[in-house]
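here's a sequence, model it:
(one chain, ligands or ions: 1)
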Amino acid sequence: ASIDDDNGAAAPIVVASNRGPVSYRRGADGGLVAGRGGGGLVSGLSSIEREAKAVWVCAALGEGDREAARAAGRRLDPEDTGGHRVRMLDIPPGTFAAAYNGIANSVLWFVHHMLYQTPLEPVFDKAFREQWAAYEAYNAAFADAVAEEAAQGAAVLVQDYHLALVPGLLRARRPDLRIGHFSHTPWAPPDYFRMLPDDVAGQLLRGVLGGDRAAFLTSRWAEAFAACCADVLGAEVVRDGEGRAAEVRCEGRVTRLGVHGLGADGDFLRERAHRADVEERMAALRSQIGGPDRRTIVRVDRTELSKNIVRGLHAYRRLLEEHPQWRGRVVHIAFAYPSRQDLAVYRDYTAEVERVAREINSAFGTEGWEPVALHVKDDFARSLAAYRLADVALVNPIRDGMNLVAKEVPVVSDHGCALVLSREAGAAAELGDEAILVNPYDVEATARALHFALLMDPGERAERTKRLAAAATALPPARWFTDQLRAL
Ligand code: G6P
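From the prediction side, this is the model:
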């Protein structure tokens, strides 16, 4: 049964992403329970696609999803998905794991965030080739499903590095469609991108160029993509009046480039941050901080190598060493939420974060003062509580497509919060004037920035926070989405 009369009809808009707007798990009574899918992408897209009669094509991520997908037939019932029209692909588990963990998370994520460490990595061996074949099959499954769902001339918005081949594959199946690809990550510069095997590098670029538009979070990532196309494929890059890469011409096709800097959803965040559950968590955090005179340095991340949490902790340690006046007077609230725990490198990194936090606590902690309060259990209400309380926010990724934490903190901050921000985060392009920018590798400079941030005059801090919030909400998720549709 369906509450949506034309649930089976071809759609004028199709969104394709690995992670969809809904996920399923087995409840205590044995039935399937639907939950909201995680990640910034979901908040970016969910606002609009419901009304627009869009269909969202995504992958079944776990056993619960697989069962739901199998039981549903072609599309899940909107009644079970929070109103979304969702086609969830039941890709064979081995293929999915090789494409998602093997290629997307271990290769493409590492390339675009420049995380490889020689002499051990990268290694493109026989196992890599098997995973690459799985990535191709997984992308082909998406292209097939989108080709089935899309109405004549529909607009298709393909998301992220998981689906880089989809625009090209889809163009071959359905030349009538308007196809856009959006990268939520950085794009690697050519010297780094060329580490990939030549044929793979070429396939990835040609895949994205199969669309009418390729869009990015900042002009820096768009320029890097254009440079890779020129370098690897010999493509021609056409520039606009201001010298920005505007089009890539390659092998008889023209792909327009776009930049859409996804902002924070100010209305949603302000309302959400004042609900009772957030107030409760503020009280709990205050008692953990202990004492109204103590300052707080807050960070909130998924525990990923690119987030640079360990160097952030070392910087905090250096702050306590160099400036003993902060001992007993500051608490570092660090939320490091689990991510991609199927991968050993992520599990090891999580253990390292915990180890360094413990080390700092045992080196500096006293009877009534715990220098680092590390929490690893994901809790959005508690994140908002910490944003509201924070005197300083530390956002120091090695590289980041945008980083929404940097944009969310100033929006909900109660009394103004100084932002220490990596210059390698996409958000630095928009927030750089008001944030304290740091080189994420430079632990000494980060420690100095923390000291400076703690000392910032409260009036100046509040003024800067106001300007940060305005910049952070300049392009709210709903407009980010409609701008892309219009441009397509
Ligand atoms: C981050 C990135 C997105 C990416 C997502 C995938 O949020 O910014 O570009 O799509 O991670 O995360 P997942 O948990 O699905 O692997």
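
for stretch 420-428, buried residues please.
For stretch 420-428, burial by neighbour count (16 or more other Cβ atoms under 10 Å) applies to Val420, Leu421, Ser422, Glu424, Ala425, Gly426, Ala427, Ala428. Yep, even glycine has a C-beta here, placed from its N, CA and C like the rest.

filter these down to just the ones in strands.
Within these, residues falling in strands by DSSP state E are Val420, Leu421, Ser422.

the ligand versus His184, what's the distance?
Per Cβ to the nearest ligand atom, to the nearest Å, His184 is found 3 Å from the ligand.

wait, doesn't that residue sit right on Asn403?
No - at 10.9 Å, His184 does not count as touching Asn403 under the criterion of Cβ atoms under 8 Å.

so for these two, which sits in the more crowded spot?
Taking other Cβ atoms under 10 Å, His184 and Asn403 do not tie; Asn403 has more neighbours (25 against 21).

can I get the buried residues of stretch 420-428 in JSON lines with distance to Val330 and pLDDT?
Below are the buried residues of stretch 420-428 laid out as JSON lines (distance: Cβ to Cβ, whole Å; pLDDT from 0 to 100):
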{"residue": "Val420", "distance to Val330": "13", "pLDDT": "98"}
{"residue": "Leu421", "distance to Val330": "19", "pLDDT": "98"}
{"residue": "Ser422", "distance to Val330": "21", "pLDDT": "98"}
{"residue": "Glu424", "distance to Val330": "25", "pLDDT": "98"}
{"residue": "Ala425", "distance to Val330": "23", "pLDDT": "98"}
{"residue": "Gly426", "distance to Val330": "28", "pLDDT": "98"}
{"residue": "Ala427", "distance to Val330": "24", "pLDDT": "98"}
{"residue": "Ala428", "distance to Val330": "24", "pLDDT": "98"}
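
take the residues you listed and write them to CSV, including distance to Asp483.
As requested, these are exported to CSV (distance: Cβ to Cβ, whole Å):
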residue, distance to Asp483
Val420, 30
Leu421, 24
Ser422, 26
Glu424, 25
Ala425, 21
Gly426, 16
Ala427, 18
Ala428, 21
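
so which of those comes closest to Asn18?
The shortest approach to Asn18 among the buried residues of stretch 420-428 belongs to Gly426, at 20.0 Å (Cβ to Cβ).

I'd say that closest one and Gly261 touch.
Yes - Gly426 is within contact range of Gly261, at 7.0 Å (criterion: Cβ under 8 Å).

joint contacts of the two?
Leu217, Thr218, Met402 (Cβ atoms under 8 Å, 6 or more residues apart in numbering).

possible to save the residues you listed as JSON lines with distance to Arg256, secondary structure and pLDDT?
Listed next are these as JSON lines, based on distance: Cβ to Cβ, whole Å; DSSP: H, G, I helix; E, B strand; the rest coil; pLDDT from 0 to 100:
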{"residue": "Leu217", "distance to Arg256": "16", "secondary structure": "coil", "pLDDT": "98"}
{"residue": "Thr218", "distance to Arg256": "17", "secondary structure": "coil", "pLDDT": "98"}
{"residue": "Met402", "distance to Arg256": "21", "secondary structure": "coil", "pLDDT": "97"}
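
closest one to Val310 out of these, please.
Nearest to Val310 among the shared contacts of Gly426 and Gly261: Met402, at 21.8 Å, using Cβ to Cβ.

who's in contact with the closest one?
Gly40, His184, Leu217, Thr218, Gly261, Leu262, Ala425, Gly426, Ala427.

farthest-separated two in these?
Longest span within those, Cβ to Cβ: Gly40 and Thr218, 14.7 Å.

just the CA coordinates of the lengthiest helix in the chain, formatted as CSV?
Longest helix in the chain by number of residues, with DSSP state H as the criterion: helix 126-149. Only the C-alpha atoms of helix 126-149 are listed here, as CSV (Å, rounded to 0.1, in the frame of the first residue of the first chain):
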residue,chain,number,x,y,z
LYS,A,126,45.8,-7.4,-7.4
ALA,A,127,43.5,-6.9,-4.5
PHE,A,128,43.0,-3.2,-5.5
ARG,A,129,42.1,-4.4,-9.0
GLU,A,130,39.4,-6.7,-7.6
GLN,A,131,38.0,-3.9,-5.5
TRP,A,132,38.1,-1.5,-8.5
ALA,A,133,36.0,-4.0,-10.5
ALA,A,134,33.5,-4.0,-7.6
TYR,A,135,33.5,-0.2,-7.6
GLU,A,136,32.6,-0.3,-11.3
ALA,A,137,29.8,-2.8,-10.7
TYR,A,138,28.5,-0.7,-7.8
ASN,A,139,28.5,2.5,-9.9
ALA,A,140,26.8,0.6,-12.8
ALA,A,141,24.0,-0.6,-10.4
PHE,A,142,23.4,3.0,-9.5
ALA,A,143,23.4,4.1,-13.1
ASP,A,144,20.9,1.3,-14.0
ALA,A,145,18.5,2.3,-11.2
VAL,A,146,18.7,6.0,-11.9
ALA,A,147,18.0,5.3,-15.6
GLU,A,148,14.9,3.4,-14.5
GLU,A,149,13.6,6.1,-12.1
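
quick check: next helix or strand after that helix?
Next helix or strand after helix 126-149 toward the C-terminus (DSSP states H and E): strand 150-159.

tell me the angle that next one makes with helix 126-149.
With axes from the mean of the first three to the mean of the last three Cα atoms, to 10 degrees defining the directions, strand 150-159 sits at 140 degrees from helix 126-149.

sheet partners, orientation included, of strand 150-159?
Here strand 150-159 is paired, per DSSP bridges, with strand 11-16 (parallel), strand 178-182 (parallel).

just to revisit the earlier point, got TSV for the contacts of Met402, with distance to Glu271 too?
Putting those into TSV (distance: Cβ to Cβ, whole Å) gives the following:
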residue	distance to Glu271
Gly40	19
His184	25
Leu217	25
Thr218	28
Gly261	23
Leu262	19
Ala425	26
Gly426	26
Ala427	22
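
tell me the contacts of Tyr337?
Tyr337 touches Val300, Asp301, Arg302, Thr303, Val376, Lys377, Asp378, counting by Cβ under 8 Å, 6+ apart.

write the ChimeraX selection for whichever of the residues you listed are buried.
A single ChimeraX command is used to select the members of those judged buried by 16+ other Cβ under 10 Å:
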select :300,301,302,303
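
among the contacts of Tyr337, which one lies nearest to the ligand?
Arg302 (7.2 Å; Cβ to the nearest ligand atom).

I figured the closest one hits Gln341, correct?
No - with contact defined as Cβ under 8 Å, Arg302 does not reach Gln341; the gap is 10.8 Å.

mind checking how far Gln131 is from the ligand?
16 Å.

for His113, same thing?
His113 sits 10 Å away from the ligand, going by Cβ to the nearest ligand atom.

what kind of secondary structure is the closest residue to Leu394 other than its chain neighbours in?
Nearest non-adjacent residue to Leu394, counting by Cβ to Cβ, 6 or more residues apart in numbering: Arg299, 4.5 Å away. Using DSSP: H, G, I helix; E, B strand; the rest coil, the structure places Arg299 in strand.

what pairs with Arg299 across the strands?
Bridge pairing for Arg299 (DSSP bridges) gives the partners Ala334.

now do the contacts for it.
Per Cβ under 8 Å, 6+ apart, neighbours of Arg299: Ile309, Gly312, His332, Ile333, Ala334, Phe335, Ala336, Ala393, Leu394, Val395, Asn396, Val405.
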